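> Below are the sequence and a predicted model; questions follow.
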Amino acid sequence: MNILQKTYKQARRSPFQGLAAVMITTLTFLVISVFSLISYGSIKILEYFESAPQVIAFFEPGKDLTEVEIANIRAQLDKTGKLKDFRYVSTNEAEAIYKEKNKDNPLLLELVDASILPASIEISAGELKNLVELKGVLETQEGVDDVVYYEDIVNSLSSWINSVKIMGGAAIAYLVIESVLVILVIIALQIAARREEIEILKLIGATTWFIRQPFVVTGMAYGLIGGFLAWSVSYLMLLYSTPFLANWLQDIPLLPVSFWFMLALLAGELVLGILIGAVGSLIATRRFLKI
Amino acid sequence: MIIFQKVSKSFPDGTLALDKASFQINKKEFVFFIGPSGAGKTTVMRLLRKELTPTSGSIVVMDKNLTDTEDDQVPFLRRDVGMCYQDFKLLSDRTVYENVALALEITGMEREKIEKRVAEVLKNVGLSKKANFFPIQISGGELQRVGIARALAPDPKILIADEPTGNLDPESGWEIIKLFKEINLAGTTVLVATHNAEVVDKFKERVIKLEDGKIVSDKKKGEYK
């Protein structure tokens, strides 16, 4: 009987214990998958904002700038030597953009027209750090109502990503420890149930590893199956929600998530699953299998 | 083959199971260990396989001093010193074949070789036709034969039997002892601990008698009456 047959037989002898171990590891890896995807998405969003350094200055609603005013502002910005792109969006263009984005919602279209939308100037710099100076120029212009500055967004997003990492890390650590303990307890129960067989194996000259091996491989199989199931569920959930998320994220090129990223996530989860199973079962065999 | 030198064994509760026992057993010998319950027979058997460690004295088995034998070497010692038990110690959820094969699986032997060897030992103990039976489906005498087949499968140099006839009717017990004699004639050193005076008288083999953990007599082959 090879080791896979032994492991299968071992798992079949205690199906409910096996199910409990697989369910808890699946839950752990589901949380790992979700946090990994959130972290991946957040980092991509951050990269998007960092790679598109922009400042948008909004003017008073319903009021357009004259050609001279626009040329004057542009000249001031050009003078800094840090301007990359410059674009003036009139109230009519703003209305057109608004209508395009909300074409499926007639109620919103009825309530808004060019008279309440602001004209704006969108500028970008080659580098994020240069936006500070350009922002200063825009803020001094007459009629400017608000200046939206991407560095604020980037800072907020960075702070949010750090929070996600800390919370995710804590949740994952807790669940990994819980999984190790559940596998440990289940393997210990299996050892107790096979006490007589273990005793006989010792008496007829089985080595320590021969006796331990099926328990350790069973623990690793629980981790492996849990990791694979969680990855499959999270991938299906991601594929299902991709259309909705893509609509929500609009211009941010995050979805669909790269297949290679998902493959790397699977590999990582399988390795971690094996590790969790191995650690849990090795502790159990060392603690409860006195040979 | 086996040297016991002033071996004592006491247990934590203070029981002195063996008191400075010394004897030597040569290759291919057949030795009975007799004595009342609690005399120390089982202790001797278990010490020979390092199921117990002596409190004092030295035990040499096949040129290896068991006091110096590391724990990771004990499984290999037990394959060379096979043992049969009064309560057989068989796995009830495995067939006769599987019980015997287990003794070879633990050595890492290939499946084809295991099949061949198990068939051979089952034939030797007369159980070829019951290979696929489960322990619950066979008699006490047959269960002991399975135990013997399992002990013989790895081809041990020494075969130990602790009260092998204790749970058997006289006829089955007699057959089992005859089987041990055949195994001995084939070249294996055989040690049998027993209460069965009739068997001991009949076989005229070497007899070591124990009482209260002490060896009170050691009669050579043909001397015991």
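On my side now, so go ahead. Numbers count the residues shown, from 1 in each chain, chains lettered A, B, ... in the order given.

> quick check, stretch B:135-151 touching chain A?
Yes. Remark: stretch B:135-151 sits within contact range of chain A at B:150, B:151, by Cβ under 8 Å from any Cβ of the partner chain. C-beta coordinates here come from the backbone N, C-alpha and C atoms, glycine included.

> Tell me the gap between that stretch and the middle of its chain.
Mean-position distance between stretch B:135-151 and its chain equals 14 Å (Cα atoms, centre = their mean, to the nearest Å).

> buried set for it?
The neighbour-count check on stretch B:135-151 (16 or more other Cβ atoms under 10 Å in any protein chain shown) flags B:135, B:138, B:141-151 as buried.

> so what's residue A:42 up against?
Shown in contact with residue A:42 (Cβ atoms under 8 Å, 6 or more residues apart in numbering or on different chains): A:157, A:160, A:161, A:164.

> does chain B sit close to stretch A:199-216?
Yes. Counting by Cβ under 8 Å from any Cβ, chain B has neighbours in stretch A:199-216: A:199, A:200, A:201, A:202, A:203, A:204, A:205, A:206, A:207, A:208, A:210.

> From those residues, which land in helices?
Per DSSP state H, helices hold the following members of the residues of stretch A:199-216 next to chain B: A:199, A:200, A:201, A:202, A:203, A:208, A:210.

> rewinding a little: please spell out the PyMOL selection for the buried subset of the contacts of residue A:42.
Here is the PyMOL command that selects the buried residues among the contacts of residue A:42 (16+ other Cβ under 10 Å):
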select buried, chain A and resi 157+161
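
> which of the contacts of residue A:42 has the weakest pLDDT?
Lowest pLDDT of these: residue A:157, 75.

> which non-adjacent residue is nearest that residue?
Once flanking residues are discounted, residue A:157 sits nearest to residue A:46: 5.0 Å by Cβ to Cβ, 6 or more residues apart in numbering or on different chains.

> Report pLDDT for that neighbour.
pLDDT, residue A:46: 74.

> tally of neighbours for it?
Using other Cβ atoms under 10 Å in any protein chain shown, residue A:46 is surrounded by 16 other residues.

> And the one 3 residues further on, by the same measure?
Other residues within reach of residue A:49, judged by other Cβ under 10 Å, total 18.

> now do the one 5 residues further on
Counted with other Cβ under 10 Å, the neighbours of residue A:54 add up to 20.

> For the nearest residue to it once chain neighbours are set aside, give its distance to chain B.
Once flanking residues are discounted, residue A:54 sits nearest to residue A:124: 4.7 Å by Cβ to Cβ, 6+ apart. The gap separating residue A:124 from chain B is 69 Å, by Cβ to the nearest Cβ, to the nearest Å.

> ok, back up a step: so which two of the buried residues of stretch B:135-151 are the farthest from each other?
B:138 and B:151 (16.9 Å; Cβ to Cβ).

> Within the helices and strands, which one has the most centrally placed residue in chain B?
The residue lying closest to the centre of chain B (Cα atoms, centre = their mean) is residue B:160, at 1.6 Å. Here residue B:160, judged by DSSP states H and E, is contained in strand B:158-162.

> wait, isn't residue B:204 in contact with residue B:219?
No. Residue B:204 lies out of contact with residue B:219 (Cβ atoms under 8 Å); the separation is 9.8 Å.

> The two - which one has more neighbours?
Higher neighbour count among residue B:204 and residue B:219: residue B:219, with 17 against 14, using other Cβ under 10 Å.

> Look up which residues are beta-bridged to the more buried one.
residue B:207 (DSSP bridges).

> Where does the prediction get shaky in the stretch 151-291 of chain A?
Where the stretch 151-291 of chain A drops to pLDDT under 70, the residues are A:151, A:250-253, A:290-291.

> Kindly recompute the last result at 90.
Under the criterion pLDDT under 90, the flagged ranges of the stretch 151-291 of chain A are A:151-176, A:178-179, A:182, A:187, A:189-197, A:208-210, A:212-214, A:237-262, A:285-291.

> Spatially central residue for chain A, please.
Central residue check for chain A by Cα atoms, centre = their mean: the C-alpha nearest the mean position is that of residue A:38, 1.8 Å away.

> And that residue, how close does it get to residue A:256?
Applying Cβ to Cβ, to the nearest Å, the value for residue A:38 to residue A:256 is 16 Å.

> Of all the residues in stretch A:108-126, which ones are buried?
Neighbour-count burial for stretch A:108-126, counted by 16+ other Cβ under 10 Å, picks out A:114, A:117, A:118, A:119, A:120, A:121, A:123, A:124, A:125.

> As TSV, those with pLDDT would be great.
As requested, the buried residues of stretch A:108-126 are exported to TSV (pLDDT from 0 to 100):
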residue	pLDDT
A:114	76
A:117	88
A:118	90
A:119	90
A:120	91
A:121	90
A:123	88
A:124	83
A:125	79
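
> Tabulate the residues you listed (CSV), appending secondary structure.
Shown next, in CSV, are those (DSSP: H, G, I helix; E, B strand; the rest coil):
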residue, secondary structure
A:114, coil
A:117, coil
A:118, strand
A:119, strand
A:120, strand
A:121, strand
A:123, strand
A:124, strand
A:125, strand
